[in-house]
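S.K.: sequence unavailable; structure follows:
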């Protein structure tokens, strides 16, 4: 039995979960609404204040989808109640971020500034020029948006310059040593 899949998902107060045909799950909460089509093989039931995911048999495919389906529903419930956020740090001389309207403007040592428009459902905050906070209710969109911003100038291993996640550690390398 899947350790993740067999755990029930508690539905907090103020959150509604609806299951339509073909496992179209819609979760509404104080922060917004998310809906997602989940694998049709899984059986999703609401019992009281809990959502339970069951699989029909022990085929490898169904075992894989069991935990995935439960995790996706749980992420939807957490997203509409608390939301998700990723924090990014910018390191490097002259590297900075600024917010102009709904556009994130990054100066990362290129010959031009990089303009990154806000995606629908995602909020980008710039508390100071060296930090970026990406917030939203969809864990998938928040992670994708943060990865795209990080991808403009990933951290390099010699001086640690670039954009990195705040909880990420950069493995540093020793540079060349000259002949004496």
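M.R.: Structure received. Since the structure is predicted, the reported quantities are computational estimates derived from the model, not experimental observations.
S.K.: and the end-to-end length of stretch 127-141?
M.R.: Using Cα to Cα, to the nearest Å, the end-to-end distance of stretch 127-141 comes out at 21 Å.
S.K.: residues in contact with it: which ones?
M.R.: 31-32, 34, 75, 78-80, 83-91, 95-98, 104, 119, 121-126, 142, 145-146, 149, 163, 166 (Cβ atoms under 8 Å, 6 or more residues apart in numbering). For glycine as for every other residue, the C-beta is placed from the backbone atoms N, C-alpha and C.
S.K.: can you tell me which of those are in helices?
M.R.: 75, 78, 79, 80, 142, 145, 146, 149 (DSSP state H).
S.K.: tell me, what residue is most central in the protein?
M.R.: In the chain, the C-alpha nearest the mean C-alpha coordinate belongs to residue 143, at 2.9 Å (Cα atoms, centre = their mean).
S.K.: so that one touches residue 86, yeah?
M.R.: Yes. Counting by Cβ atoms under 8 Å, residue 86 is a contact partner of residue 143 at 6.7 Å.
S.K.: low-scoring stretches of the protein, by residue?
M.R.: 1-2, 178, 180 (pLDDT under 70).
S.K.: in it, which spans are strands?
M.R.: 9-10, 16-19, 24-29, 32-37, 43-47, 50-54, 84-91, 96-100, 103-107, 114-117, 122-128, 131-136, 162-165 (DSSP state E).
S.K.: how about these in JSON lines, adding distance to residue 69?
M.R.: Shown next, in JSON lines, are the strands of the chain (distance: least, Cβ to Cβ, whole Å):
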{"stretch": "strand 9-10", "distance to residue 69": "10"}
{"stretch": "strand 16-19", "distance to residue 69": "11"}
{"stretch": "strand 24-29", "distance to residue 69": "9"}
{"stretch": "strand 32-37", "distance to residue 69": "10"}
{"stretch": "strand 43-47", "distance to residue 69": "7"}
{"stretch": "strand 50-54", "distance to residue 69": "5"}
{"stretch": "strand 84-91", "distance to residue 69": "19"}
{"stretch": "strand 96-100", "distance to residue 69": "37"}
{"stretch": "strand 103-107", "distance to residue 69": "34"}
{"stretch": "strand 114-117", "distance to residue 69": "32"}
{"stretch": "strand 122-128", "distance to residue 69": "24"}
{"stretch": "strand 131-136", "distance to residue 69": "22"}
{"stretch": "strand 162-165", "distance to residue 69": "27"}
